[in-house]
Structures are given as C-alpha cells and as structure tokens.
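K.L.:
predicted structure and sequence below. I'll ask about it afterward.
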Amino acid sequence: RARDQLPSPMVNDISAEMAEVEDLEEPHIAIVWDFKSAHRIVLVAPEDWGLQACTLVDLRGRTPEPDAVVYVNTVGTFGFSSAGYWWGRLAAMMIRDAHYFLGPELKAWILLFADDGKILIPIRNLRKTIPALFTFFGLFGIPIKWAKVKGGTQFQWVGYWNNLDRFRVGISEKRQRWVIDWIESALNGTAANADFDSALGRLTFVCGAIIYDRPFLAPLYSLAAVVRKKTGGKVDLMRLPPYIKFILMHLRERIKTRCTVHCMRGRPRTGYVIERFRTDAKAEGDHVTVGGYQTGDPYGRAIDHKDAKWFLLTLNKKNAPWAFAKGEPFRAISSLELLGSLLGVMLLLGGEGGQDSPQGGTLSVGRLSVGGLTDNAGNRFAVARLLSTKWPLVAFVAELSAQLEAQDLLFEMSWVPREQNTEADAITNGDVGWLNPSLKLATDMSKLPFIILNDLLVKGAVFYEGIEAVNATAAAVAPYDSRTLRVGDPWD
C-alpha cells in the first residue's frame, strides 16, 4: 500500500496560476492534453511481477497446473493502488525535467492532475514551446492522446472552466444548467436523477470554484449528517425543511447570475494586504458590545485616531436573540467577533472596492486588498475557508461572503494577540474618549444594510433548534444501480 500522499492541483492552484498570468499583462494561451495509458508507462521490477499475475482458471485456492495460462503484468496495472503512486512520482520528475528542457526563454506554467496536463504560455512563444514540450515527451517514450490535445483561452480542465480572456475560473454552462435543474426539481418535489448526497457532492465541487456560495452549503452538510446518523440513509427530497429550501433558492438565484468568478476568488495574495481596521467584541453577563475603528487608508497610510471612523454596537435580547440563544452570550463569542469584522467591511470600507479602487494601478485586478485584525484565531480560519458548520457563526460567514462579492473586495483576516488589540477592546468597554465623536457611525442592528443575514438568523434559528427532529425519516432506498452518477446523469 502506498503510504505517501500525492497532492494534485485543484481550483486554488488554477486560480493562483491565472492570477500570476494576469499580473504579467501579456496575452497567454493554454494547451491541455492527456497521457495515453499513463499507469502502464511505469515499469515494474521483475521480482514483483508475480504480485500482478493472474489466470482465467478457477483455482479456488489451489496452485495452478503447469500448463495453466498465467498472465503476467510487467507494468503498472488497473486495480493496484501502487500504479497511480509510481506514475505520480514518475510524472513529477518528468514535469520538472520539462521545465529544465524549456529553459528560461520558454518558461511556462505546467500543471498535471493524474494524466491530465495543462500548460500556460505567452502567445508569442506558442510555436516554439509546444513543439519543444511534445518532442521532449516523445524522446522519453511518453505517449500522448492526440485526440484530446486542445488549446485556447477558454477551456475546461479537470472539471473547471478557465477563462484567460477575463481571468475567471468556475464551471461550464452545462454544469451550471445541471445544478439549477436539480435544485428546481428538489424545490418542486419532483423526481431527480441524483439523490441529495450525490447532488451535494456536485454542489461542493461547484462551490470550490464559485467560492462565494460555499458558506451556504453548511446547512446542507448538517442535514445530511443528522439524517445519516439517525437513519443510516439519505435525505428525503420530498420532505426538505423550509430553511433548506430557502438556502437552495438562494443558491439557485446566485448560480443563475454567474458560473465563473474572478481568479482571485475573494482573497488577496501574500504581500498585497493592507490593514484597514481592527475590531473586537465583549460578552459579560447580559452586556454585549461590538466595536471597531479604522487604522489605515486605501494607500496603506496610517490614520490618526482623531481622524478614524469608528463604531460601537450594543446588543440585547431584542435586537440579537441569537447571541443569547445558548444562555450566556459568551458562548456565541466567535459569532460576535465575526460580526465585528463584518461591520468593519460594511461600515469602514463601504464602496471602496471594484475597478475604481485607489489601488487599481497597483493591483492589476483592480480590486482593493484589505486586512482586518481580530483577536479570535478561529474566525481567521473560517474566513480563509469561507465555511463553518457552527451555528450561528455560519450565518455571519455567509453574509461576509455576500458582502465581499457585492463590494468586489479581496479580504484577509489576521489574528492579533489581545494585548495588542487594546484600542478595539477599549471601544467595547465604552472607552471612546480618544476617538472623534463626530466620526462615529450609526449602528442600529435593524437598519444595517445586510444582504441576507436577517433571513439567515431568523429562519436558521428554527432549523438548528430542531435539527435533530427534521427529516427524521430517510428517503426510500432506490433500486440498485451499478452506474455511477457520472454515467447515470452526466453534467458535461
């Protein structure tokens, strides 16, 4: 058994590669290909041939007769996990050698997923790089499936749609149509070719690229996990809870509007982040406050405290019942901390993103890369992944995602020790004498311009309070079908 992990390029790598190409401000083109019978390219040591030998004779545990026909595989073979492992090792060496072979003058970005290859090159080098690359493969006897060699600036690779003209990554229109049709079938209660779990797998793939929709998958994961734990079965599409239908309707409307997003996918690259604000939250007894203030302008220059916009929000059981749902508000401190970061984006950065950003000349994507500091380390990872299944944190992650897409912002949350976040902590304690009162921003929870948070909190509270009882019966067991979803209901 192969014990080493073999990481493969995923949508994060595709996006990072495309962002680097965009920074070069030079037209690029991509060529994709498949290696032919990749697993059979690897030679197996003679002493291991017996481990891959087989015969058509019914042995039933007996030793084969001397005249029995025994088939011996001398190369990597289907059914053996080691075949993929050794191909991965060989292919990695081959791609590294290809970089050396092309040299600095023909340098390119090359990705390999199993036997699927992709190369990004400047158009000016196309007539030199591609012949050189395939000549290199031919010299080492690595066969290519020529029927699958394609190129262009818009193409699909390992399931994700790449658009080099606009530097966007996502899914194809066919896959977009499949997702929308399945959601409509689930909402209408009509029979769908894919069960809930299978469709959730495809939605996970889709939201891996369309990252802004990923937080809305959390309730679907929770429902599937509860039903599987209680019944061992799958979710009954005929009895979906109202909150799940609300989430599916939102996903349908969002996915209808776009099947690709910009390759930066909401997060700036290392070294491009400018700290813009700091926030904090406090929950002691029934006293709950959230506060924050500006620390820097869009150009990275520090803002004096007397010139900084700031906010202080006081929460109670009337305007924020979710904060008291678990009893003591400190039990929801992660959500309170993330609410502070969300308000920082909404109030302290409102309207600064997009193509007219002050950093448009610095960042080729024309978006504003901003950083917020918090002393809650867990929220940093939730924002980085744009996913949490913890209630009510999931609602605030979803709202933050919607705000980032609406404002066209690249956002990174950083952690800072509490002792270095004393100014934001002072605001939550009511110590605001060091700030300019005229720059305080109005913060009425009922009047804040949330996109979807209010609906998520109200409808989600009912769902999560009774999640152990919802959909208590699993869907009827479908007749056995040996076909995979890829064969039974293809989306390409």
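P.N.:
Arrived safely. Remember, it's a predicted structure, so these values are computed and weren't measured experimentally.
K.L.:
how about the strand ranked longest in the chain: buried residues?
P.N.:
Of all the segments assigned as strand in the chain under DSSP state E, the longest by residue count is strand 274-284. Buried residues in strand 274-284, counted by 16 or more other CB atoms under 10 Å: 274-283. No exception for glycine: its C-beta is placed from N, CA and C like everyone else's.
K.L.:
tell me what the next helix or strand after it is packed against?
P.N.:
For strand 274-284, the following helix or strand on the C-terminal side (DSSP states H and E) is strand 287-294. Helices and strands touching strand 287-294, by 3 or more CB pairs under 8 Å, 6 or more residues apart in numbering; DSSP states H and E, are strand 274-284, strand 310-315, helix 333-343, helix 422-428.
K.L.:
what about strand 287-294, distance to the chain center?
P.N.:
30 Å (CA atoms, centre = their mean, to the nearest Å).
K.L.:
can you list contacts of that strand?
P.N.:
276-282, 303, 305, 308-316, 320, 323, 329, 336, 339-341, 343-344, 348, 423-424, 427-430, 435 (CB atoms under 8 Å, 6 or more residues apart in numbering).
K.L.:
tilt between it and strand 274-284?
P.N.:
170 degrees (axes from the mean of the first three to the mean of the last three CA atoms, to 10 degrees).
K.L.:
heads up, I number from 69, so please use that
P.N.:
Happy to do that; since the first residue is 69 now, the last one works out to strand 355-362.
K.L.:
neighbouring strands of strand 355-362 in the sheet, and parallel or not?
P.N.:
Next to strand 355-362 in the sheet, as set by DSSP bridges, lie strand 342-352 (antiparallel), strand 378-383 (antiparallel).
K.L.:
list the buried ones in that strand?
P.N.:
For strand 355-362, by 16+ other CB under 10 Å, it's 356-362.
K.L.:
any idea of the pLDDT on the closest residue to L516 other than its chain neighbours?
P.N.:
Nearest non-adjacent residue to L516, counting by CB to CB, 6 or more residues apart in numbering: M414, 6.9 Å away. Here the pLDDT value assigned to M414 is 92.
K.L.:
now the buried residues of strand 355-362 in TSV, with distance to L516?
P.N.:
Listed next are the buried residues of strand 355-362 as TSV, based on distance: CB to CB, whole Å:
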residue	distance to L516
V356	16
T357	15
V358	11
G359	14
G360	13
Y361	17
Q362	18
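K.L.:
give me the three-state assignment for V462.
P.N.:
helix (DSSP: H, G, I helix; E, B strand; the rest coil).
K.L.:
wait, it touches A286, no?
P.N.:
Yes: between V462 and A286 a contact is recorded at 4.4 Å, counting by CB atoms under 8 Å.
K.L.:
what touches both of those two?
P.N.:
In contact with both V462 and A286: S456, using CB under 8 Å, 6+ apart.
K.L.:
so I210 sits against I163, correct?
P.N.:
No: the pair I210 and I163 fails to qualify as a contact (CB under 8 Å) at a distance of 10.7 Å.
K.L.:
residue ranges for the helices of the protein, please.
P.N.:
79-92, 149-170, 194-207, 241-256, 264-277, 286-299, 310-325, 401-411, 445-453, 461-475, 490-496, 521-533, 553-556 (DSSP state H).
K.L.:
any idea which of the ones you listed gets closest to Q222?
P.N.:
Of all those, helix 241-256 sits nearest to Q222, with 11.2 Å by CB to CB.
K.L.:
ok, for D81, nearest residue in space, not its chain neighbours?
P.N.:
In space, D81 is closest to L179, 6.4 Å off (CB to CB, 6+ apart).
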